[in-house]
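Trainee: Curious how this folds, go ahead:
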Amino acid sequence: GGWEGQYQRTPQQFFFSVPPAALRAGDFSQAFNPDGSLQVIYDPLTGNPDGTGRTPFPNNMIPANRFSAVGQSVQALYPDPNRPGELSNGNVGGEGIYRNYLRQQDRKFDRNNYDFKINYNVSPSNQVWGKYSRMGADVTSPQAYLGYDGALTGETTVQMYTFGNTWTMNPTTVFDATFGISKMTHTSQESDLALGNFGLETLGIPGMNGGRNDPRYGGIPFFLMGDCWCNFDIVGNANGWDPVERDERTYAFAGNLTKLKGAHEFRFGYSVNKLRMDHWQPELGYGPRGHMQIAPNATALNGGTQDANTYNAHASFLLGLAGRAATSVQYELMTTREWQHNTYVRDRWQVSDKLTLDLGLRYEYYPLMTRADRGIERVEGANDLESARSLDDLTVLLGGLGDVPEDLGIKVSKTLFAPRLGAIYRINDNNVFRAGYGITYNPLPFSRPLRGFFPLTLASRFDAEEPYGWATTFEQGIPDVVGPDLSSGRL
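Mentor: Predicted coordinates for the structure are as follows:
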């Protein structure tokens, strides 16, 4: 047996830009740009829908009765500045607004590897063995997001059970076989998950947190302060890829028979792999908690002399105006099921004391992958990405549902023969010439590339129709994601 451990701690510092007290109160009367000009904040309820003709807020101050109640709750998640801000992005009354908050968090990484093996001689001609290996890795990685402590934890466990047998049947015949089970489980989640459906229930934004009664959708939605990451730092969890739950298993068997006869060593074998994965991760789009992107242009003037900037973004934030809103849901559990079959024959022929030939032929067969309870998906009328783009309407077929055949008409090759040829020629006692030729087929499983996408993951997004408008407000939110009826097999 054996054990190996690795334990690592890495201090990390994160600098953030957070709004100063005056801006939080809607006072932009001293919101100066780097060139010394005052950034004018315009009332989005004045002028025209395209942003022309707007008038500024009196004294460049937004009245408190115009504040979004949800926006105030989100703003409360911002910490107060704890260091002097830099002036490169502007200042409010001489107070720099860039990198004015510092947070320190440590990254933790722990890994333990264990190996145990037992050999047992059943008889002088028969040996069996068993091996167990385990790797456990726990990571705590701080994330540069505000509104919570930003702690992302990941736990990965890999376990391998392997059993083998070598049986010398007679002086010229040996049989060997191995059977293995590999299991990998992984979970990643952030500390805001414990807050429950924060966006939907605590903040009251319709459509956030997946709109579902599932604790994995919990946490703080991702609020991006404008159309870039260059304004005040985001509030909420921007990692659309988490949480993750993955259970991946492989069952493998291989058997070989070796026979010596004269100058020949014949070897025959067969191996099979069964692959399966269950995977929960609605990572497409903006993730399960939801997303609100502030509309800076909503408080700017179309045709004016100033472009919207950090100040406009925060003003629109106070008013609860979002230029984009989105969410994602896991409509079906992502499952994959695959088989891989391989067989071969090989002859190692000692032609002479100088020449040895290695002559082999391998056959491989890879049945089409399926889901746990149906076939995979395919765009009707398309054979590749280019042809799919040329279609006027997209219809997704689900194998095995309705009148759709499980294999979707996709045929897999049954002629994957792979010759393996080799030669060794001993020129003299000091020089050897070697040559070889072979064909290898890529055994990459489809499980990872086909683990997501429609309709397993559904993502919705709503964008402003006018560049100087907004898509929705914090109070209005977005509709819940409504999934399609899968029973017909045609979507």
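Trainee: so how many other residues sit close to Thr162?
Mentor: Look at Thr162: counted by other C-beta atoms under 10 Å, it has 16 neighbours. The C-beta positions use only the backbone N, C-alpha and C, and glycine is treated the same way.
Trainee: ugh, wrong one, Ala471
Mentor: Ala471, neighbours per other C-beta under 10 Å, totals 21.
Trainee: State the distance from it to Phe462.
Mentor: Going from Ala471 to Phe462 by C-beta to C-beta, to the nearest Å gives 5 Å.
Trainee: repeat for Tyr366
Mentor: Counting by C-beta to C-beta, the gap from Tyr366 to Phe462 is 41 Å.
Trainee: neighbour count winner among these two?
Mentor: Tyr366 (21 against 17).
Trainee: Check which helices and strands the longest strand along the chain sits against.
Mentor: Longest strand of the chain, by residue count under DSSP state E: strand 101-123. On a contact count with 3 or more C-beta pairs under 8 Å, 6 or more residues apart in numbering; DSSP states H and E, strand 101-123 meets strand 2-16, strand 126-142.
Trainee: so which of these comes closest to Gly375?
Mentor: Nearest to Gly375, of all the helices and strands packed on strand 101-123, is strand 126-142, at 33.6 Å by C-beta to C-beta.
Trainee: what's in contact with stretch 122-133?
Mentor: Stretch 122-133 is touched from outside by 113-121, 158-169, with contacts defined as C-beta atoms under 8 Å, 6 or more residues apart in numbering.
Trainee: Buried ones among those residues?
Mentor: Burial by neighbour count, judged by 16 or more other C-beta atoms under 10 Å, picks out 158-160, 162, 164, 167-168 from the contacts of stretch 122-133.
Trainee: which of those lies closest to Val379?
Mentor: The closest of the buried ones among the contacts of stretch 122-133, once distances to Val379 are taken by C-beta to C-beta, is Val158, at 35.3 Å.
Trainee: which residues pair with the nearest residue to that closest one once chain neighbours are set aside across the strands?
Mentor: Leaving aside its sequence neighbours, Val158 sits nearest to Met135 (C-beta to C-beta, 6 or more residues apart in numbering; 4.4 Å). Judged by DSSP bridges, the bridge partners of Met135 are Asn113, Val158.
Trainee: Can you list the low-confidence ranges for this protein?
Mentor: Along the chain, segments meeting pLDDT under 70 span 211-212.
Trainee: which residues in it form helices?
Mentor: 21-24, 69-75, 310-319, 385-389 (DSSP state H).
Trainee: and among the ones you listed, the most buried is which?
Mentor: Most buried of the helices of the chain, by mean neighbour count (mean count of other C-beta atoms under 10 Å): helix 310-319, with a mean of 27.
Trainee: next one: that helix to chain centre, how far?
Mentor: Relative to the centre of its chain, helix 310-319 is centred 31 Å away, using C-alpha atoms, centre = their mean, to the nearest Å.
Trainee: That helix - contacts with which helices or strands?
Mentor: helix 69-75, strand 86-92, strand 291-294.
Trainee: Between strand 86-92 and it, find me the angle.
Mentor: Going by axes from the mean of the first three to the mean of the last three C-alpha atoms, to 10 degrees, helix 310-319 is angled at 50 degrees with respect to strand 86-92.
Trainee: before we move on, the earlier item: with mean neighbour count and distance to Phe268 added, can I get the helices and strands packed on strand 101-123 in TSV?
Mentor: Converted to TSV, these look like this (neighbours: other C-beta atoms under 10 Å; distance: least, C-beta to C-beta, whole Å):
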stretch	mean neighbour count	distance to Phe268
strand 2-16	11	34
strand 126-142	16	20
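Trainee: closest one to Gly26 among the ones you listed?
Mentor: strand 2-16 (21.2 Å).
Trainee: Identify the residues contacting that closest one?
Mentor: 79, 99-115, 142, 144, 146, 150, 233.
Trainee: Equivalent analysis for stretch 104-115, please.
Mentor: Outside stretch 104-115, the residues that reach it (C-beta under 8 Å, 6+ apart) are 1-14, 131-142, 149-151.
Trainee: One more pass at 7 Å, please.
Mentor: 1-13, 133-142, 150 (C-beta atoms under 7 Å, 6 or more residues apart in numbering).
Trainee: returning to what we had before: may I have the longest strand of the chain exported as CSV, CA atoms only?
Mentor: Listed next in CSV are the C-alpha coordinates belonging to strand 101-123 (Å, rounded to 0.1, in the frame of the first residue of the first chain):
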residue,chain,number,x,y,z
TYR,A,101,-11.7,48.2,-1.8
LEU,A,102,-9.3,45.4,-0.8
ARG,A,103,-10.2,41.8,0.2
GLN,A,104,-7.8,39.1,1.1
GLN,A,105,-8.6,35.4,0.9
ASP,A,106,-6.5,32.3,0.9
ARG,A,107,-6.7,29.5,-1.7
LYS,A,108,-6.7,26.0,-0.2
PHE,A,109,-5.8,22.8,-2.0
ASP,A,110,-5.7,19.4,-0.3
ARG,A,111,-5.1,16.1,-2.1
ASN,A,112,-4.7,12.6,-0.8
ASN,A,113,-3.8,9.5,-2.9
TYR,A,114,-4.1,6.0,-1.5
ASP,A,115,-3.1,2.7,-3.2
PHE,A,116,-3.6,-0.9,-1.9
LYS,A,117,-2.8,-4.1,-3.7
ILE,A,118,-3.0,-7.8,-2.8
ASN,A,119,-1.4,-10.6,-4.8
TYR,A,120,-2.5,-14.2,-4.2
ASN,A,121,-1.1,-17.4,-5.7
VAL,A,122,-3.9,-19.8,-6.0
SER,A,123,-1.5,-22.4,-7.4
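Trainee: Report the beta-bridge partners for Tyr270.
Mentor: Gly255, Thr343.
Trainee: distance of it from Thr258?
Mentor: Tyr270 is 14 Å from Thr258, by C-beta to C-beta.
Trainee: again, but for Arg374
Mentor: In terms of C-beta to C-beta, Arg374 sits 42 Å off from Thr258.
Trainee: any chance of the helices and strands packed on helix 310-319 in CSV, plus distance to Arg324?
Mentor: Formatted as CSV, the helices and strands packed on helix 310-319 follow (distance: least, C-beta to C-beta, whole Å):
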stretch, distance to Arg324
helix 69-75, 16
strand 86-92, 23
strand 291-294, 4
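Trainee: quick one, which of the ones you listed is nearest to Ser488?
Mentor: strand 291-294 (31.3 Å).
Trainee: So what are the sheet partners of that closest one and their directions?
Mentor: When DSSP bridges is applied, strand 291-294 pairs with strand 222-224 (parallel), strand 321-330 (antiparallel).
Trainee: so how far is the longest one from its chain's centroid?
Mentor: Just to be clear, that refers to strand 321-330. So, by C-alpha atoms, centre = their mean, the centroid of strand 321-330 is 18 Å from its chain's centroid.
Trainee: Also the shortest one?
Mentor: Mean C-alpha position of strand 222-224 versus that of the full chain (C-alpha atoms, centre = their mean) differs by 19 Å.
Trainee: hmm, back to that, okay, and the common contacts of Ala471 and Phe462?
Mentor: Joint contacts of Ala471 and Phe462 (C-beta under 7 Å, 6+ apart) are 324-325.
Trainee: if we can go back for a sec, please convert the helices and strands packed on strand 101-123 to CSV, extending it with distance to Leu319.
Mentor: Shown next, in CSV, are the helices and strands packed on strand 101-123 (distance: least, C-beta to C-beta, whole Å):
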stretch, distance to Leu319
strand 2-16, 23
strand 126-142, 32
